[in-house]
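A.B. asks: give the three-dimensional model of this entry:
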Amino acid sequence: MCVLKHSKIKDISAGRMLATHTRGERYADVGICATSGVPIRLCYQTFTVDAAPKGVVLLIMGLASPSLLWNTGFCCRLASHGYCVIRFDNRDVGKSTFLTGHQIICTASASPSSTPFITLDHQSDETDAELWGKLQTASSRGSSRHKTAISSAMYLRLAYASLIPGGQRLFREAYTLEDMAKDCVGLLDALGVKKAHLVGMSMGGMIAQVVATRFPSRVESLSLISTHASSPKTIWPSKRLMFYMARTAQQMAQKGFTIPLANRLSKLATSPSPDDEEELAQIFASLFARVAFGTGSVYPIQNETLHRQARRIVQWSSDFSGVARQYVAMVKASNRIPQLAKVCVPCVVLHGTVDPLVPFANGVELADNIPGARLVAIEGLGHVLHPTVWDRIVGALVENMSKCHTSGAKSAALKAKI
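C.D. replies: Next up, the predicted model:
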């Protein structure tokens, strides 16, 4: 049942308090996945103000990230400017459809034994092969009670394949970013929204690019945060960070969080315990601190806030069996630079200068290749929507969206089924 909550937030531009309506989670059938044939249902929430909305904003989050990473306070700030804001869980995360049974396929060996050795970054004298061996040893010490979980060694193969030239060809995806982009359009269709302002972060920014280039008639404006164009010039995270993320995925697998929730409910596998879930929240908090802030970040790591957010994510859904499928869809995405040259809606690219996960140079490349795009460099920010920069980010989004306000967009928002 939908719950309507009211919260008071300050409308910064008007200096007054507005009532923001936040609806509890709802669900929309958005179509059948062209690649897998699976019907997709997305879980979403909306945020609106009492005043007539200026338009609809669709927030698209990144890899393995439920919609809750668009913090409610951030959504309310954005809605306070007169927009109807929608956040949703992508397929294979949170409370949306999981493509259980449609696994990625490793088409060849993806390990140091079959590929050239490459050295880690300058911070270590270890070779990738040596670090690989350490991770494999750590994996072998994990629990074996979760027989239906994705093999933890698979995450190591994924990490290694991401680091070698052409390594993504070693895997076959269960679906594509184009399929995920169609989910977004299907959600707009289900809600009766003809056009929306797209805001995408990280992998969500890649999905937003696909929507803008494949379905331009559905896009009012484009805002890209901490993302890249999947071009040959894309700069990836350091090898050490990639292996750290693989190790985190291993820990999740060993605790049973890569077992599909449906299998747990049908007692085909042992469910993680509350203690396991608390440990997972701690793992997530550590992961956020490592990959989101980066060396040189001027924004403080708020450990208590990180842990609260991590617990909310785990309580929302402890099923992370879809992470590998999302990851392979992302790394196998084709170069979007040629298509981005044809984007003709207002565009802003926001990027932290010390982003360790999607380095800043990727944002520069995006802005250089989208006609009229404005680059907003946030000095000292990593791969995170830090609360201290919400106002700056929201301000940049609203400025970009305001470039295309029309009476048609307003009336479309009013008529939408949200």
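
A.B. asks: for this structure, what spans make up the helices?
C.D. replies: All helices of the chain, identified by DSSP state H, fall at 72-79, 128-140, 152-163, 177-190, 203-214, 239-254, 261-265, 274-292, 303-316, 323-331, 337-340, 360-369, 390-401, 407-415.

A.B. asks: how about the longest one: buried residues?
C.D. replies: Burial within helix 274-292, assessed by neighbour count using 16 or more other C-beta atoms under 10 Å, is assigned to 276-277, 279-281, 283-288, 290-292. Yep, even glycine has a C-beta here, placed from its N, CA and C like the rest.

A.B. asks: cool, and the fifth one?
C.D. replies: Within helix 203-214, the residues that count as buried by 16+ other C-beta under 10 Å are Met203, Gly204, Gly205, Met206, Ile207, Ala208, Gln209, Val210, Val211, Ala212, Thr213.

A.B. asks: wait, the last one touches Val343, no?
C.D. replies: Spelled out, it's Thr213. Yes. With contacts counted by C-beta atoms under 8 Å, Thr213 reaches Val343, the gap being 6.6 Å.

A.B. asks: low-scoring pLDDT stretches of the stretch 251-400 of the chain, where are they?
C.D. replies: 255-256, 258-259, 261-272 (pLDDT under 70).

A.B. asks: and Val376, what are its bridge partners?
C.D. replies: Leu350 (DSSP bridges).

A.B. asks: burial measure for the nearest residue to Glu277 once chain neighbours are set aside, as a count.
C.D. replies: Leaving out its chain neighbours, the residue that sits closest to Glu277 by C-beta to C-beta, 6 or more residues apart in numbering is Val314, at 5.2 Å. By other C-beta atoms under 10 Å, the residues close to Val314 number 22.

A.B. asks: I'd say Val314 and Ala281 touch.
C.D. replies: Yes. Using C-beta under 8 Å, Val314 makes contact with Ala281 at a distance of 4.9 Å.

A.B. asks: first vs last residue of stretch 47-55, how far apart are they?
C.D. replies: In terms of C-alpha to C-alpha, to the nearest Å, the two terminal residues of stretch 47-55 are separated by 12 Å.

A.B. asks: give me the mean pLDDT for that stretch.
C.D. replies: In this model, stretch 47-55 has an average pLDDT of 80.

A.B. asks: which ones are touching the residue lying closest to Leu241 once chain neighbours are set aside?
C.D. replies: Using C-beta to C-beta, 6+ apart and skipping the chain neighbours, the partner closest in space to Leu241 is Pro356 (6.0 Å). Contacts for Pro356 were tallied using C-beta atoms under 8 Å, 6 or more residues apart in numbering; they are Pro237, Ser238, Leu241, Val291, Phe293, Gly294, Thr295, Gly382, His383.

A.B. asks: roughly how far does Pro356 sit from Ser226?
C.D. replies: The gap separating Pro356 from Ser226 is 10 Å, by C-beta to C-beta, to the nearest Å.

A.B. asks: common neighbours of those two, please.
C.D. replies: His383.

A.B. asks: and Ile104, what pLDDT?
C.D. replies: 76.

A.B. asks: what residues are up against it?
C.D. replies: Phe171, Arg172, Glu173, Ala174, Ala324, Arg325, Val328.

A.B. asks: turn the residues you listed into a markdown table, including neighbour count and distance to Ser231.
C.D. replies: Listed next are these as a markdown table, based on neighbours: other C-beta atoms under 10 Å; distance: C-beta to C-beta, whole Å:
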| residue | neighbour count | distance to Ser231 |
| --- | --- | --- |
| Phe171 | 24 | 20 |
| Arg172 | 12 | 22 |
| Glu173 | 22 | 19 |
| Ala174 | 24 | 24 |
| Ala324 | 24 | 24 |
| Arg325 | 23 | 23 |
| Val328 | 25 | 19 |
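
A.B. asks: which among those residues gets closest to Val199?
C.D. replies: Arg325 (23.6 Å; C-beta to C-beta).

A.B. asks: wait, what's in contact with that closest one?
C.D. replies: Asp92, Leu99, His102, Gln103, Ile104, Glu173, Ala174, Tyr175.

A.B. asks: one more: Phe284?
C.D. replies: Counting by C-beta under 8 Å, 6+ apart, Phe284 has contacts Ala310, Ile313, Val314.

A.B. asks: cool, Ser67 as well?
C.D. replies: Cys43, Tyr44, Gln45, Leu59, Met61, Arg87, Phe88, Asp89, Gly94.

A.B. asks: can you do 10 Å?
C.D. replies: Contact analysis of Ser67 by C-beta atoms under 10 Å, 6 or more residues apart in numbering lists 25, 42-45, 59-61, 75, 86-90, 93-96, 204, 316.

A.B. asks: packing partners for the longest strand along the chain?
C.D. replies: Scanning the chain for the longest strand, with DSSP state E as the assignment, gives strand 39-49. Packing contacts for strand 39-49, counted by 3 or more C-beta pairs under 10 Å, 6 or more residues apart in numbering; DSSP states H and E, involve strand 4-11, strand 16-23, strand 26-32, strand 55-60, helix 72-79, strand 83-88, helix 177-190.

A.B. asks: can you put those in TSV and add mean neighbour count and distance to His197?
C.D. replies: Supplementary listing: the helices and strands packed on strand 39-49 in TSV, determined by neighbours: other C-beta atoms under 10 Å; distance: least, C-beta to C-beta, whole Å:
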stretch	mean neighbour count	distance to His197
strand 4-11	12	18
strand 16-23	16	17
strand 26-32	17	19
strand 55-60	27	5
helix 72-79	21	10
strand 83-88	26	7
helix 177-190	22	11
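
A.B. asks: turn these into CSV, including distance to Ala333.
C.D. replies: Shown next, in CSV, are these (distance: least, C-beta to C-beta, whole Å):
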stretch, distance to Ala333
strand 4-11, 36
strand 16-23, 32
strand 26-32, 20
strand 55-60, 14
helix 72-79, 26
strand 83-88, 20
helix 177-190, 5
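
A.B. asks: nearest to Leu306, out of these?
C.D. replies: Short answer: helix 72-79, nearest of those by C-beta to C-beta, at 15.2 Å.

A.B. asks: which one of the helices and strands packed on strand 39-49 lies nearest to Leu397?
C.D. replies: Comparing the helices and strands packed on strand 39-49 by C-beta to C-beta, helix 72-79 comes nearest, at 6.6 Å.

A.B. asks: going by distance to Ser334, which of the contacts of Ile104 wins?
C.D. replies: Nearest member of the contacts of Ile104 to Ser334, counting by C-beta to C-beta, is Glu173, at 11.7 Å.

A.B. asks: quick check: that closest one vs Val210, distance?
C.D. replies: Relative to Val210, Glu173 is positioned 14 Å away (criterion: C-beta to C-beta).
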